[in-house]
Each structure stands twice: as C-alpha cells, then as structure tokens.
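Colleague: can't give you the sequence, but here's the structure:
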C-alpha cells in the first residue's frame, strides 16, 4: 500500500512540474499569430496504432519438476502479443483563439493463447489453490496445458482545448475534460492428465468502470511551414468500481467459486505522446509513439488464493503504441 501511494505522489509531482514549466514558457514568451488556435470549423482525426500491452503478468500455473534435493518451480505465463487499435476524434474549433471542443474514443481488444505439454506436475494459479486444492501429476505421462486470455480496455473523452502561440513557430495547448474508462480481463486454464485423461479447469473474469477528470498540456514546435514535432501529456484522475468472479472445476464435478467487488476504486491514467506531423492545407498527417499507463482499475478483485498468493502484486498495466493518422478539417483558418 505504501509503494502504491508513493508511486501516485511521484506521478502527481511530475505532472505539477511539467505543467509549471509550460506556464513559465507561456509567461516568458510574447503571443504571436499561429495556426490551430484560429481555426474555425469541424475536424475529424483517425488514428491507427500497433499496441503492445505490458505488465499484465498473466501467470496461469506453476510447473513443478522434481530434483535430487527437492522441487524446482517454473512459472507458466501468457505471452501477450501486440494488436491493432484505433482512436477517433471529432470536434469543432470556435476560432478567434476561443479553443475547440472534441469527443474521442480509444479501444483495445486482444486475445492470447498458450498451448504446451509438460512432465512432472502442474499447479494452476488462475483461481488459486482454494479449499480442496488442485494439483496435476503426470503419472509417467505428460500433462497437456491450454490457456487463453482476453483483455479489453476503452476510453471515451469530452475535452476542451485552448491553444496559445508563444513564439513564431511554437504553440502551447491546454486541455481539460471528462473521461470514462472501462477495463475487462478474462483468463482460462484447462489441464489434462494424459494418463487418466482427467480434465481440470480454472476461470477468472473481472471488469472495472470509472469516471473522472482529465487534464493535460501539449507543445508544438514548428521547424518548417509544413513540418512540426508535437509532445503531449495527459493525466486522468478517476473513481470507479470493479467486480469479478472465478472458479475451478475437478473431473468428479466438484466446483469451487470465488467472487469479489469493490465500489470505491481509485484509478489513474497517464499518457505521453511524441509525434512528427506534416500539415498541408486542411489536412494534417502524423506518426508517433504513445505510452499509456493504467493504475488502480486493473487490480484483480478476485485474487488467487493459497499457494498462489504471491500473484497479488500487479497494480498497473501499460499500453505502448506506434501510431499514425490523419486529421481532416472542414472550415477556415
């Protein structure tokens, strides 16, 4: 708990430092005419990305191997692959330095699978050990392990942005808005002892919903009339709820279940984006790298029990993206 609070305080301090630095830049520079702050009309941004989830730590079992002096353990962890994601932004610029209002949606939806055959023993960790315990032994034959995971995350934002020219080719943009975020995760384990052909199953599912404030800032450095570098950061402070359930089923039909719920979850999403952009008339093109870290909302409300209690440490997940897109403008500068 102390480590989580320290991490949260560090994030707030860095946010304060970044925003304070931009305030000093804006105060020290004379305002001059620029571009986007004077745009009046509608705009649409389409953003496609290859997104890699990191920090999921989806361990499905321990593989136990007898040794001459005891037992060696090997963790069986899902390999989470990158997947394509998309973002859509739609809004209206009021012109005359009055800023713009935009609505945006981002979504991530990915499935991963594991299939392996091992000897020795297997202790599933999706549900945990439970009351009865689950241990698969090979009895001279191998053990077939099948696992599957599905992760879904999405944000829906309503933002107001205000841009200021702080130099001949430099623009600072402030952002304030509301964010709705959802996170959903499912993990399944199926183990088969190939001697008796007994099948053991464990399952877990949980989801979280949150709503809160979003604050951010961006700086655009123009190098030519058409090329610029954009750097931005946003912080979302959310409050929500999470609930989940898990179970394990034995070949004899015995089933254990576990449920969990928390109606007061603190969530935080931190985003950092650096991109190169090209502007030609009423169209802007861009390519960049975005890092997005989710805290709180991804904590498992149905933690693995017993032998698997060491798996309770994950409190954040990141989505790192290579992205590119285009903005269409329908109006006048």
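Modeller: Yep, that arrived. Remember, it's a predicted structure, so these values are computed and weren't measured experimentally.
Colleague: where's residue 282 relative to residue 172, distance?
Modeller: From residue 282 across to residue 172, the span is 23 Å (CB to CB, to the nearest Å). All C-beta atoms are positioned from the backbone trio N, CA, C, and that covers glycine.
Colleague: who has more neighbours, the two?
Modeller: Legend: neighbour count by other CB atoms under 10 Å for residue 282 and residue 172, higher for residue 172 (21 against 15).
Colleague: quick check, pLDDT for that one.
Modeller: Looking at residue 172, its pLDDT reads 95.
Colleague: what's across from it in the sheet?
Modeller: residue 164, residue 219 (DSSP bridges).
Colleague: was I right about it contacting residue 163?
Modeller: Yes. With contacts counted by CB atoms under 8 Å, residue 172 reaches residue 163, the gap being 7.0 Å.
Colleague: which regions of the stretch 1-150 of the chain lie under the pLDDT threshold?
Modeller: Residue ranges of the stretch 1-150 of the chain with pLDDT under 70: 1-37.
Colleague: the strands in it, which residues?
Modeller: Assigned by DSSP state E, counting those that start in this stretch, the stretch 1-150 of the chain shows strands spanning 40-54, 59-67, 70-77, 83-94, 100-118, 121-124, 136-137, 143-165.
Colleague: now distance to residue 328 and mean neighbour count too, for these, in TSV please.
Modeller: Formatted as TSV, those follow (distance: least, CB to CB, whole Å; neighbours: other CB atoms under 10 Å):
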stretch	distance to residue 328	mean neighbour count
strand 40-54	5	17
strand 59-67	44	18
strand 70-77	43	12
strand 83-94	10	17
strand 100-118	13	16
strand 121-124	50	24
strand 136-137	56	19
strand 143-165	17	19
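Colleague: adding distance to residue 305, write those strands out as CSV.
Modeller: Below are the strands of the stretch 1-150 of the chain laid out as CSV (distance: least, CB to CB, whole Å):
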stretch, distance to residue 305
strand 40-54, 25
strand 59-67, 14
strand 70-77, 17
strand 83-94, 31
strand 100-118, 22
strand 121-124, 12
strand 136-137, 17
strand 143-165, 18
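Colleague: looking at those, which is closest to residue 244?
Modeller: Comparison of the strands of the stretch 1-150 of the chain against residue 244 by CB to CB identifies strand 143-165 as nearest, at 13.5 Å.
Colleague: buried set for the one helix or strand residue 234 maps to?
Modeller: For residue 234, the host element (DSSP states H and E) is strand 227-249. Going by neighbour count (16 or more other CB atoms under 10 Å), the buried part of strand 227-249 is 228, 230, 232-238, 240, 242-244, 246-249.
Colleague: what do you get for stretch 205-225?
Modeller: 205-210, 212, 214-220, 222.
Colleague: what is the mean pLDDT for it?
Modeller: Mean predicted confidence for stretch 205-225 is 96.
Colleague: distance from the chain centre to it, please.
Modeller: The chain centroid and the centroid of stretch 205-225 are separated by 13 Å under CA atoms, centre = their mean, to the nearest Å.
Colleague: just stretch 56-66 next, same as before
Modeller: Centroid separation for stretch 56-66 versus its chain: 23 Å, with CA atoms, centre = their mean.
Colleague: any idea which of the strands of the stretch 1-150 of the chain gets closest to residue 326?
Modeller: Evaluated over the strands of the stretch 1-150 of the chain, closeness to residue 326 peaks at strand 40-54, with 5.9 Å, by CB to CB.
Colleague: contacting residues around residue 55?
Modeller: Counting by CB atoms under 8 Å, 6 or more residues apart in numbering, residue 55 touches 314, 316-318.
Colleague: what about it, distance to residue 135?
Modeller: Separation of residue 55 from residue 135 (CB to CB): 29 Å.
Colleague: again, but for residue 275
Modeller: Taken as CB to CB, the span from residue 275 to residue 135 is 51 Å.
Colleague: those two: which is more packed in?
Modeller: The neighbour count for residue 275 versus residue 135, taken as other CB under 10 Å, is higher for residue 275 (19 against 14).
Colleague: and the more buried one, what's its pLDDT?
Modeller: At residue 275, pLDDT is 97.
Colleague: what helix or strand does it sit in?
Modeller: Assessed by DSSP H and E, residue 275 sits inside strand 255-280.
Colleague: from the chain's centroid, how far away is the helix or strand just after that strand?
Modeller: Of the helices and strands lying after strand 255-280 in sequence (DSSP H and E), the nearest is strand 283-295. In terms of CA atoms, centre = their mean, the centre of strand 283-295 is found 13 Å from the chain centre.
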